[in-house]
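Engineer: Need a 3D model of the sequence below.
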Amino acid sequence: MPSPAFDIRWLTPADAAAFQVLRLAGLRASPSAFGSSYEEEKDRALAVIEARLASSADQGVLGAFAQGQLVGLLGIRRQDALKTRHRMALWGVYVDPGFRGQGIAQSLLAEAVTFARQVPGAVQIHLSVNAANASAIRLYEQAGFKAYGTEPAALMVDGELHDELLMQHRLQPDA
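Structural biologist: Below is the predicted model:
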């Protein structure tokens with residue numbers, strides 16, 4: 001079986017510039033897919049992004065690379081509060097449109113789930129996705145995520161309200 005035409009690895013502060021380019025492209029191309037906006041992030045200092053990319057035992061940003069170019073992103077972090085530390089949050093999933101359909105998002109998700117299973121005390125991963133984004137919902141369902149609710153009017157983008165589907169993936173089914 002041939003190896004995929006991409007590599008997955010944890011981003012480091014040295015990847016900050018490439019991260020920012022792809023992140024801003026995603027925020028511009030798909031504004032209703034993210035809680036953040038291009039306007040909020042376009043002037044963010046590289047030092048802030050470098051700090052965001054500093055991995056730890058319970059958070060990090062995964063990157064997918066094709067021929068050395070960053071083409072996919074996925075962030076995962078443990079919740080901070082004492083009563084929610086059993087929850088991991090998935091954020092910022094994006095694959096450059098020219099590289100979609102190659103299994104990149106599936107590989108990023110699989111790596112994130114594997115990582116979360118190794119975080120002591122982590123029980124589940126949570127995410128929110130635009131309720132109208134059928135392909136993203138299908139991707140998450142195929143990775144084992146299940147919907148548990150909808151947040152009506154969660155985002156307002158260019159004057160239009162968007163509902164978000166709330167999903168979770170149980171890491172420890174018996175918990």
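
Engineer: can we go C-alpha only for contacts and neighbour counts from here?
Structural biologist: Will do.

Engineer: which regions of this structure lie under the pLDDT threshold?
Structural biologist: 1-4, 173-175 (pLDDT under 70).

Engineer: Which parts of it are strands?
Structural biologist: For the chain, applying DSSP state E gives strands covering 7-10, 59-66, 69-78, 87-95, 124-130, 146-157, 160-170.

Engineer: Would you format those as CSV with mean neighbour count and distance to Ala116 included?
Structural biologist: Shown next, in CSV, are those (neighbours: other CA atoms under 10 Å; distance: least, CA to CA, whole Å):
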stretch, mean neighbour count, distance to Ala116
strand 7-10, 16, 14
strand 59-66, 22, 9
strand 69-78, 22, 8
strand 87-95, 22, 7
strand 124-130, 22, 8
strand 146-157, 14, 16
strand 160-170, 18, 10
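
Engineer: Could you point out which of these sits nearest Leu46?
Structural biologist: Leu46 sits nearest to strand 59-66 of all those, at 15.5 Å, using CA to CA.

Engineer: what comes into contact with the closest one?
Structural biologist: Applying CA atoms under 8 Å, 6 or more residues apart in numbering, the contact partners of strand 59-66 are 5-11, 53-55, 70-78, 104, 108, 112.

Engineer: With distance to Ser36 as added columns, please give the strands of the chain in TSV.
Structural biologist: Putting the strands of the chain into TSV (distance: least, CA to CA, whole Å) gives the following:
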stretch	distance to Ser36
strand 7-10	22
strand 59-66	16
strand 69-78	13
strand 87-95	9
strand 124-130	13
strand 146-157	10
strand 160-170	14
